[in-house]
Structures are given as structure tokens and as C-alpha cells.
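Visitor: just to be clear, the model below is a prediction. Sequence and coordinates:
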Amino acid sequence: MFLNAGNFISRGVSSPWPKALLATCQDVKSITQIHALLILTGVFSNGYSNGQLIASYARFGDVASARRVFDESPQRGVSTWNALIIAYSRSYSAAEVLNLYQQMIVEGIRPDSSTFTVSLKACANLQDLKKGEEILSQATDFGYKDDVFVGSSALNLYAKCGKMDEALRIFNGMPKKDLVSWTTMITGFSQIGRPVEAIDIYRKMRMEEIEGDSIVMVGLIQACANIGDLNLGLSAHGYMIRRDIPMDVVVETSLVDMYAKNGLLNLASCVFEKMSYRNVVSWSALISGFAQNGFARDALKLVVEMQSFGLKPDLVSLVSGLLACSQVGSLKFGKSIHGYILRRLEFDRVSGTAVIDMYSKCGSLSSARVLFNQVSSRDLISWNAMITSYGIHGCGEEALSLFMQMKETKLRPDHATFASLLSAFSHSGLVEEGRYWFDLMVREFDVQPSEKHYACIVDLLARAGRVEEAHELIESMIIEPGIAVWVALLAGCRNHGKLELGEKVAKKVLELKPDDAGIYALVSNVFAAANKWDKVAAVRKVMKQIGMKKVPGYSTVEVNGKLHAFLMEDRSHPQYEEIAAMLEKLDGEMRALGYVPKTEFVLHELDEEVKERMLCNHSERLAIAFGLLNTRPGTRLLITKNLRVCGDCHEATKFISKIVNREIIVRDVKRFHHFKDGVCSCHDYW
DNA sequence: GTAGGGTTAG
């Protein structure tokens, strides 16, 4: 090492030899040796290269040594100061950066472009706009107003503080822009949830014939992901391949996320598979893509799989896991994630809300409430989640009471709060409360009713049998009634035998061209209830023509932590014989207690006897029988159904809960039913 | 200057 130093000196290298030598260092030890050499040769006491020495220590994260060099330096020029400031910046000590900046000013050292850039970055990270603006004005005083580095740092400062309009003002006034300036704007708009403007600036950048690099593409891809602009996303991907822009883990992860968010899970998986290196973020992007597109099982599989690759799930990936548990009603998996977070991580607000949602959607309302009480800093979404929980469990009064408590905080209820609240009223039959708060929502809380609020209130009225009133409300709507409100009315018509109006509404719904098989099923059911079998056939034909498949009804039951799924008339199950025998036995006991099969729920033109047999084979009944057979007496059963529970099964489950003396909880696609001692928590109102 | 997470109608 010293020999090399000699070579540098004797050859009279014109570039400063300490710099060249320091650059060759691979560890702190060699830096220490050169440090000693600099002292020995007197270079150090001349103040020469001290900055480079500081920077070298900082390169290996040794801030303490960097500081020592600084403190021992006999002379400190701007480069010495900058070196130390950068050292602190690299170790994420933003406060110390600003501290040094201040000292530097006090000591009368003239800051340069680097000083301002690093200090402004510290303000951005601290989101300290006030300090940042102070530094900006000093930069102007020192003549760095039009410096492109200072300019971009200013953009970043405003972007990180959420002031994109101010950033845009500065951006437009910048005499010189570089790729970083453009990138900061694109990324800034993208991250603040203004993807349209992000894309707009990207287009302007390309019009000025500036080529993007991988970082700017990340911002663009993120914007595409959030706005759902798949065409642009695909072309961005293609652009990078064509121009051979190197793709690192960040770009590839953004691509996975963009495809996954837009439901192109095949493409997302494809990119994911080809990645040479994947981290927790890459896995999370894919997991959340599956979870958010309804592929809960795949999401959960990935949570397990990532661990076999040696990666530990973090809060973000686990929140997606919780979402998946909520969807399939897997209490066991959900609980294990809850435990994992308790043991190895720390809850934040988002994961706290996700756990609340998981417990409530997996049937455990009381656990959800316990956790809600434990969340220290609740935001609007936490409250909304808990109000929703009460709603789906049919606890309208509790939902209202929680809403009143929320009103006492400084949080303002939003459109989601009212959607949950109105839906809670609807499921509990609190019609007057619903009308009252719908009115107050507009008058006092300034929340304009949207389609979903109207759908709630129409549902509320129609469900309560006030079908005409619901119809009148639709006629009086300010906004054009969409398919959701008509569907809510239609369901009311069916449930309350208003078949004449029902037929009219059914036609209306068909005109609006639903894209949902469930809606076609409802329309067809209304025609079936009115014995219009020709129209039933016509609807089925339309569905066939547009290639829409009826979603088969299925139910799942969790037995010993494993989910078992049953389709209607599912004879394929290995335990089918036992299940059928159990159902037959129960059927006899139910009839003895007064059960009469409600064959009107079989929507085909068939013999009564055949209809009765079909009802017995509904998926929820198979799941219940399987659960009874495979769990110890007295165990609570949790059934999840992908459609609404049928009226006859609802009746039968009440009887079964009494006969077997068990609590049976059924989660259908909209809400929960808690069956116990022959009654249901919904009091037959749903 | 760069990536992933929670609530919401029928």
C-alpha cells in the first residue's frame, strides 16, 4: 500500500494522489492507513484532501471517523464541510445535516450548489417546508437561483411536502431542466395520486426529445398502474426493452405491480418469474395483485412461498395476506398472521385496520372490536372499517352508536362512512334512521349522494317492503339512476312479491346491460317468480350469447384450520354418503319440529318433490353437514357462501342450530347470519 | 429523482 503511494508521488501524478489512492480502498482499514500517511506527509495539516478523506470514511458508513477527521482538520473549506454533510445525509441523519448547514452559515463559509442540494434533501425527508424555504431563499441570495441542481432539489422539497402545484410553478420557471427535474415532477405527481398530470409531463418530456431512464420509467409505470392506463404501461415496458434500458429490481417490481393492479396477473407473474432478483417488495406487489383481484388462495400461497425463499414477510405483504383471509373467511390463517405481527413486527394503523377487517369478515366481531379499542391512533378508515363490521353483522344500533362516537372526534365522516352506515341500517331494518341520516349526510356533512348511497337507501326501503316509496325516490334522483339502484329495487320487488313492477324493472335493468352474472340471475329469478318461464329462457339465452357464465354457488367451511369447499349437489366429495345421510336425518328432525321446505326458492320449472331434493343439496347445507360430521359437538361452525344465502337454507339452518345445539355462522356475499337456538341474528330481516 | 399495504352500495 505504501509502496503504491510512493509510486504515485514519484511519478508526479498531476491529479491529487490522495484522491486516486483513496478510491482504491476496499475497506475502512486501508482508509485508516492512508489517513496516517496523509498526516505523516504533512498533506493533512495543509487542509488538502481532508474532504476526500471524510468522504471515503462515509463511503463505508463510518460517520464517527468522518466526524473525527472533520474535527481535527486544521482548515475547513467548503469541500470539507460538504463532505461531512454528505456523510450525515448518507446515514439518514437529516437533523444533523441541517445542524451543520446552520453552523456553516454562522461560521461564514460560503455554501455551494452541493451544500444546498444536500440540505434541501434533508428538509424534504423531514418534510420541513419552512426550513426548506429558508434555505431556498439563502440559495437565491448566494446566486444559485437558476442552478439546475438547486432547482430540482426545490422541486423535490415541494413534492415531498405534497405541494405539487408549487413544484409545478417552479418547474415551469426553470431556465434549465435536466432529467432529474423531469423525473421529480413525474414521480411527484404519480405518488400524490395525480397520475394524469404525471403522464402529461412525461409526454412533454418526450416531446422535447429527452430520453427516459429507468427511474423516470418507474414514475411513469406507477402512474399507469394507478390510472389503469394499460396501453401506456405496455408501451413503457416495450420502450425499455427496445432501448435496452437496464431493468433493476425496482423497475421490474413496478411492472409487476402495474400489471397486477390492472388484473393482468398472468403478465405480472411472467415478469415476476423472469426477475433475477426479487425482494420483499416484489413479492408484496404480486401478493396484493392476487388479493385485490379476488385470487385470495393464490395470494395466501405466495405468502407461504416467499418464506421458503428466505424472505420474511413484512407489514405490507401481511396486510395483503389479511385481505385475502378476509375474502375467503380463513380465520385460522388470519389469526396466524395476527400472531406473527404481534411477535415479530409492530402494528401500524394500516395493519391494525386490516386485522379488524379480517376478524370481522371471518365472523369474529368481538375480536374486531377488541382490536379497534387497542388501535392507538385511529384514522377515518379505521372507524369506517369498524362501522362496516357492525353493519355486516346486522348490528345497526352499534354501528350508529360508533358513528356518534366518531362524530365527537375531529374526524369528518366521508362518503365511505355513510355508505357503511346506510348499509348497516338497511341490514338491520332501521328505516327511519336511514332516511334521517341520508338527509343529514347532504345537509350537515356536505357529502353529495352518489350512486352507492342511493343504492343503499333504495335497498333500505325496498327491503323493508316500502317498494313504491323506493321507486319514487329513484324517480326523484338528481343524478341519472344507474344499474345499482335499479337492482336494489328489483331485489325488493322479488322479496316482496311485487311482480308487476318487478317485471318492468327487470326490463330496465336488462336495457342497462349488466356485466355481472349475479344480476342476470336476479332478473331471471324475478321472471321465474312470476312464472314467466319464456322470459327466463330469454335471459339465459342472452347470457349464453354474450358468453357469460353463471357463477356456480359454493360454500366453504373451515374444519381444523383447513377450508373445505362444496358446490351445489356436490357428490364428488369422499364423504358424500355420510353427508347425505346426515342431511336426511336432519331433514326428518326438522320436519318434526315444523320445518316446511320453501320450494319457491328453486327457480326451475320442476316437480315439488324434485325441488325439495334440490334444496337439500344446496352447497351451504353440504358444508354444514360436513362441518357437523368433522368437528366435536358444540364447536362453532363458520360457513362462507359466495352468493346470498337462500331463504330455505336460512330457515333450515335455524332448525339445525337448535337440533344440534351449535352456533352456526354463515357469511354470505353481503353479510353475516349468526344462528343459535333456532333463531338468526338477522331476525329474518335481510 | 425509483417499487408493494387497510374501509365503501346492489
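Guide: Structure received.
Visitor: report the secondary structure state of residue A:277.
Guide: At residue A:277 the chain is in coil, as set by DSSP: H, G, I helix; E, B strand; the rest coil.
Visitor: and it, how many neighbours?
Guide: Neighbour count for residue A:277, taken as other C-beta atoms under 10 Å: 8. Placement of C-beta: from N, CA and C, glycine included.
Visitor: what's near enough to touch it?
Guide: residue A:249 (C-beta atoms under 8 Å, 6 or more residues apart in numbering).
Visitor: over to residue A:631?
Guide: A:559, A:560, A:637.
Visitor: next, give phi and psi for the last one.
Guide: What it means is residue A:637. Note on residue A:637: backbone dihedrals following degrees, to the nearest 10 are phi -110, psi 140.
Visitor: isn't there a strand covering residue A:563?
Guide: Yes. Looking at residue A:563 with three-state DSSP, it is inside a strand.
Visitor: I figured it hits residue A:555, correct?
Guide: No. If you go by C-beta atoms under 8 Å, residue A:563 and residue A:555 don't touch, sitting 10.4 Å apart.
Visitor: more crowded one of these two?
Guide: Neighbour count, other C-beta under 10 Å: between residue A:563 and residue A:555, residue A:555 has more, with 29 against 18.
Visitor: you'd agree that one is in a strand?
Guide: Yes. Per three-state DSSP, residue A:555 lies within a strand segment.
Visitor: so residue A:676 touches residue A:666, yeah?
Guide: No. Counting by C-beta under 8 Å, residue A:676 stays clear of residue A:666, with 11.8 Å between them.
Visitor: and these two? Which one has more around it.
Guide: residue A:666 (26 against 16).
Visitor: so that one makes contact with residue A:620?
Guide: Yes. Here residue A:666 reaches residue A:620: they are 6.4 Å apart, a contact under C-beta under 8 Å.
Visitor: which residues are in contact with both of the two?
Guide: A:639, A:641, A:645, A:653.
Visitor: which one of these has the most neighbours?
Guide: Busiest of the shared contacts of residue A:666 and residue A:620 [other C-beta under 10 Å] is residue A:639, holding 29 neighbours.
Visitor: quick one: secondary structure of that residue?
Guide: Secondary structure state of residue A:639, per three-state DSSP, is strand.
Visitor: which ones are touching it?
Guide: With C-beta under 8 Å, 6+ apart, residue A:639 has these contacts: A:555, A:556, A:557, A:620, A:623, A:624, A:627, A:664, A:665, A:666, A:667.
Visitor: dump those residues to JSON lines, plus secondary structure and pLDDT.
Guide: Formatted as JSON lines, the contacts of residue A:639 follow (DSSP: H, G, I helix; E, B strand; the rest coil; pLDDT from 0 to 100):
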{"residue": "A:555", "secondary structure": "strand", "pLDDT": "91"}
{"residue": "A:556", "secondary structure": "strand", "pLDDT": "92"}
{"residue": "A:557", "secondary structure": "strand", "pLDDT": "92"}
{"residue": "A:620", "secondary structure": "helix", "pLDDT": "91"}
{"residue": "A:623", "secondary structure": "helix", "pLDDT": "93"}
{"residue": "A:624", "secondary structure": "helix", "pLDDT": "94"}
{"residue": "A:627", "secondary structure": "helix", "pLDDT": "94"}
{"residue": "A:664", "secondary structure": "strand", "pLDDT": "94"}
{"residue": "A:665", "secondary structure": "strand", "pLDDT": "93"}
{"residue": "A:666", "secondary structure": "strand", "pLDDT": "93"}
{"residue": "A:667", "secondary structure": "strand", "pLDDT": "93"}
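Visitor: tell me the buried residues in stretch A:488-505?
Guide: A:488-496, A:498-499, A:501-503, A:505 (16 or more other C-beta atoms under 10 Å).
Visitor: then stretch A:538-546?
Guide: A:539, A:543.
Visitor: within range of DNA strand B, give me the residues from the stretch 301-450 of chain A.
Guide: Taking C-beta under 7 Å from any atom of the strand as the test, the list of the stretch 301-450 of chain A residues beside DNA strand B reads A:314-317, A:319-320, A:323, A:326, A:348-354, A:357, A:379-382, A:384-385, A:388, A:392, A:415-417, A:419-420, A:422-423, A:426-427.
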